[in-house]
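Mind looking at a prediction? Sequence and model below.
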Amino acid sequence: MSPLPISYKKSGVDIDKADRLVDFIQKRAPAIGGFSGLFDLKLDGPGPYQLVASTDGVGTKLKIAFETDRHHTVGIDLVAMCVNDLITCGAKPLFFLDYYATGRLNLQKSKKILSGILEGCRQAKMTLLGGETAEMPGFYREGEYDLAGFSVGMVNKRNLIDGKEIARGDVILGLPSSGVHSNGFSLVRSVFKGSLLKKYAPRLLTPTKIYVSDIEKLARGLKKRGHRILGLAHITGGGLIENVPRILPSQCRAFFDRRLWRVPEIFCEIKRRGNVSESDMWRTFNMGIGMVVILRPQAVLEALKILQGSFVIGEIRKGMNGAEII
């Protein structure tokens, strides 16, 4: 007998409601909406640079760290979730700030968490400039904590990646994820419980891949050959279906050919054990693709040489803004 179907919404996360909240905010603050926010540096008049900022947390992936007492990688997740958004506009990461809150400070555990943040900053080539450690007795359960982060970078307007020139016929390149990353864990925790959770915890806690070096290398290599990146999308909550359309012009539609890459086994396990629908899987998880790059067809072979391990996963066609898995 198959288990009762589990969905992200049944697990407590309503993506549609979250989308409505974003719409509400965007109407009142039009600058919001991209993967990161850009701010013109106007010291003595308009300049050639923009500051770029992004903020995020680790989410309920922390619950697995609590239950298994494994805390040394969640700091990497924190930096990754912020800086992977930051670089989608072509920004160079500069510095990071963290917020670490707990009911009662455990020095040994805290050192593991902060060591992870430092390692994430090293991978992202940015400085941990400061942060806040808040001890709030009675606010968090014993042994629990929360993490949030804030990253800042800078981009020369000439190097800005905004997706505006993406057109029909452009090619979609996928950079592999390291696993589930840091989204969809309310659903994950509905599937893996008790001894099963402990069995899968090492894989589930694999830290989110940081793409700073890969994107730097790709942009530099393509520029030498007269090519450039047209669009970048960090694949987080909402998966390929919701994140890639955020960078597409209104008359462009992304088509992903699922035969072009192998979905990692961990996602197959989640689907099978939770009886999760195909559509919910694609709308919740990265399904093996952590970052998407959109290029002109003539730049693809060079890109694949520069970033070995990346692969073509689809194309841009004319149509209403959106995405499809075919």
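Structure's in. What do you need? Here the structure is a predicted model, which is why all the values come from computation and not from measurement. Residues are numbered from 1 along each chain as shown.

okay, CA-based contacts and neighbour counts for the rest of this
Noted.

quick one: buried residues of the longest helix seen in the chain?
The longest helix of the chain (DSSP state H) is helix 107-124. Buried residues in helix 107-124, defined by neighbour count with 16 or more other CA atoms under 10 Å: 110, 112-121, 123-124.

Distance check, Asp257 against Tyr99.
40 Å (CA to CA, to the nearest Å).

brain fart, His71
His71 is 16 Å from Tyr99, by CA to CA.

more crowded one of those two?
Shown here are His71 and Tyr99; by other CA atoms under 10 Å, His71 has more neighbours (21 against 15).

so that one touches Ser115, yeah?
No - applying CA atoms under 8 Å as the test, His71 and Ser115 come out as separate, 9.6 Å apart.

quick one on the thing from earlier: ok, then the element right after the longest helix of the chain?
strand 127-135 (DSSP states H and E).

Dump that following strand to CSV, restricted to CA.
Extracted C-alpha coordinates of strand 127-135, given in CSV (Å, rounded to 0.1, in the frame of the first residue of the first chain):
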residue,chain,number,x,y,z
THR,A,127,35.0,39.1,4.5
LEU,A,128,33.0,38.3,7.6
LEU,A,129,32.8,41.9,8.6
GLY,A,130,30.6,41.5,11.7
GLY,A,131,27.4,40.2,13.1
GLU,A,132,25.2,39.7,16.1
THR,A,133,25.0,36.9,18.7
ALA,A,134,21.8,37.2,20.6
GLU,A,135,21.2,35.1,23.7
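
Could you pull out the buried residues of that strand?
127-128.

what's the angle between the helix or strand following that strand and helix 107-124?
Counting by DSSP H and E, the next helix or strand C-terminal to strand 127-135 is strand 145-156. Interaxial angle, strand 145-156 versus helix 107-124 (axes from the mean of the first three to the mean of the last three CA atoms, to 10 degrees): 20 degrees.

Mind giving me the packing neighbours of strand 145-156?
Strand 145-156 sits against strand 49-57, helix 74-86, strand 92-102, with contacts defined as 3 or more CA pairs under 8 Å, 6 or more residues apart in numbering; DSSP states H and E.

What are the boundaries of the helices in this protein?
Under DSSP H, the chain gives helices at 15-28, 61-68, 74-86, 107-124, 185-191, 194-204, 212-224, 239-243, 265-274, 278-284, 300-306.

Redo those as CSV? Include mean pLDDT and distance to Ile172.
Shown next, in CSV, are those (pLDDT from 0 to 100; distance: least, CA to CA, whole Å):
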stretch, mean pLDDT, distance to Ile172
helix 15-28, 54, 25
helix 61-68, 96, 29
helix 74-86, 98, 18
helix 107-124, 94, 24
helix 185-191, 94, 27
helix 194-204, 93, 27
helix 212-224, 97, 14
helix 239-243, 97, 11
helix 265-274, 96, 22
helix 278-284, 95, 17
helix 300-306, 97, 9
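
hmm, back to that, could the buried residues of helix 107-124 be laid out in JSON lines, adding distance to Ile241?
Below are the buried residues of helix 107-124 laid out as JSON lines (distance: CA to CA, whole Å):
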{"residue": "Ser110", "distance to Ile241": "37"}
{"residue": "Lys112", "distance to Ile241": "35"}
{"residue": "Ile113", "distance to Ile241": "32"}
{"residue": "Leu114", "distance to Ile241": "34"}
{"residue": "Ser115", "distance to Ile241": "34"}
{"residue": "Gly116", "distance to Ile241": "30"}
{"residue": "Ile117", "distance to Ile241": "30"}
{"residue": "Leu118", "distance to Ile241": "32"}
{"residue": "Glu119", "distance to Ile241": "31"}
{"residue": "Gly120", "distance to Ile241": "27"}
{"residue": "Cys121", "distance to Ile241": "29"}
{"residue": "Gln123", "distance to Ile241": "28"}
{"residue": "Ala124", "distance to Ile241": "26"}
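
Please consider this matter closed, and thank you.
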